[in-house]
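Student: just need the structure, nothing else, for what follows:
(one chain, ligands or ions: 1)
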Amino acid sequence: MDIFECIKGRRSIRAFTSDPVREEDLKKILEAAIYAPSAGNLQSWEFVIVRDKDRKLQLARAALNQTFIAEAPVVIVVCANLARSGRIYGERGRTLYCIQDTAAAIQNILLTAYALGYGTCWVGAFREEDASKILKLPPDVRPVAIIPIGRPAERPAPRPRMPLDKVVHYEVF
Ligand SMILES: Cc1cc2nc3c(=O)[nH]c(=O)nc-3n(C[C@H](O)[C@H](O)[C@H](O)COP(=O)(O)O)c2cc1C
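Tutor: Prediction:
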């Protein structure tokens, strides 16, 4: 798929069929994730793959009852490894770089999944403490995004974007 079509065709999907995610597709999606750039190439990301129905329901509840999360056959929780980035970059690594690293990995996940015919949604609204408990995350691993993945059961229209001239600034703001 052409990269521009991929970027412009992707949508947040919040309804999924029960069709499974093929193992080889999940591997491709995760491989794309780890090819994202990262500060100092420290790759300060961690991925928790959740298939268990009950655990998905718990995550959906932690995400303020966004029940579509539990509908998806696979959920990837992308986490930032604060210690890995912090060891080299200190506070900036712990609070900024590891979050940027995971964000880049997340976008690769969304785009690759779309190119393979899957729908995803970047879910950021969730109670972090609850998610950490559900997934038994160690103290220095922060959950950043919950990403349900499955075959889309809806075809949403594109969401509007602000025009370029509103957000692009030349030379100075
Ligand atoms: C940081 C972040 C957090 C988000 N959190 C949620 C969320 O909790 N629930 C949800 O349904 N969508 C969430 N979204 C998806 C956005 O609503 C969506 O990307 C935006 O409306 C644009 O639509 P599109 O992805 O279809 O282009 C989030 C997106 C980002 C980048």
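
Student: which residues of the protein lie near the ligand?
Tutor: For the chain, the residues in contact with the ligand (CB under 6 Å from any ligand atom) are 11-12, 14, 66, 121-125, 159. From N, CA and C alone the C-beta is placed, and that goes for glycine too.

Student: report the buried members of the residues you listed.
Tutor: 11, 14, 66, 121-123 (16 or more other CB atoms under 10 Å).

Student: show me which of these is closest to Ala36.
Tutor: Nearest to Ala36 among these, counting by CB to CB, is Trp122 at 14.0 Å.

Student: these two touch, right, the closest one and Ile13?
Tutor: No - shown here, Trp122 and Ile13 do not form a contact pair, counting by CB atoms under 8 Å, at 10.6 Å.

Student: low-confidence regions, the chain specifically.
Tutor: Within the chain, no range satisfies pLDDT under 70.

Student: show me the strands in it, by range?
Tutor: 45-50, 74-81, 119-120, 141-150 (DSSP state E).

Student: so which of the ones you listed is the most packed in?
Tutor: strand 119-120 (a mean of 28; mean count of other CB atoms under 10 Å).

Student: buried residues of stretch 95-114, list them for me.
Tutor: 97-114.

Student: now, which of those residues lie within helices?
Tutor: 98-114 (DSSP state H).

Student: check contacts around Asn81.
Tutor: Neighbour list for Asn81: 44-46, 98, 140-141 [criterion: CB atoms under 8 Å, 6 or more residues apart in numbering].

Student: show me what it is bridged to.
Tutor: Beta-bridge partners of Asn81, counted by DSSP bridges, are Val141.

Student: relative to the ligand, how far out is it?
Tutor: Using CB to the nearest ligand atom, to the nearest Å, Asn81 is found at 19 Å from the ligand.

Student: quick revisit: redo the contacts of Asn81 as TSV? Include distance to Glu71.
Tutor: Putting these into TSV (distance: CB to CB, whole Å) gives the following:
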residue	distance to Glu71
Ser44	30
Trp45	25
Glu46	24
Cys98	30
Asp140	31
Val141	26
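
Student: which pair of those spans the longest distance?
Tutor: Trp45 and Asp140 (12.8 Å).

Student: for the ligand, what's the nearest residue on this protein?
Tutor: Closest contact between the chain and the ligand, by CB to the nearest ligand atom, is at Gly124 (2.7 Å).

Student: centroid-nearest residue for the protein?
Tutor: The centre of the chain sits closest to Ile106, judged by CA atoms, centre = their mean, with a distance of 3.8 Å.
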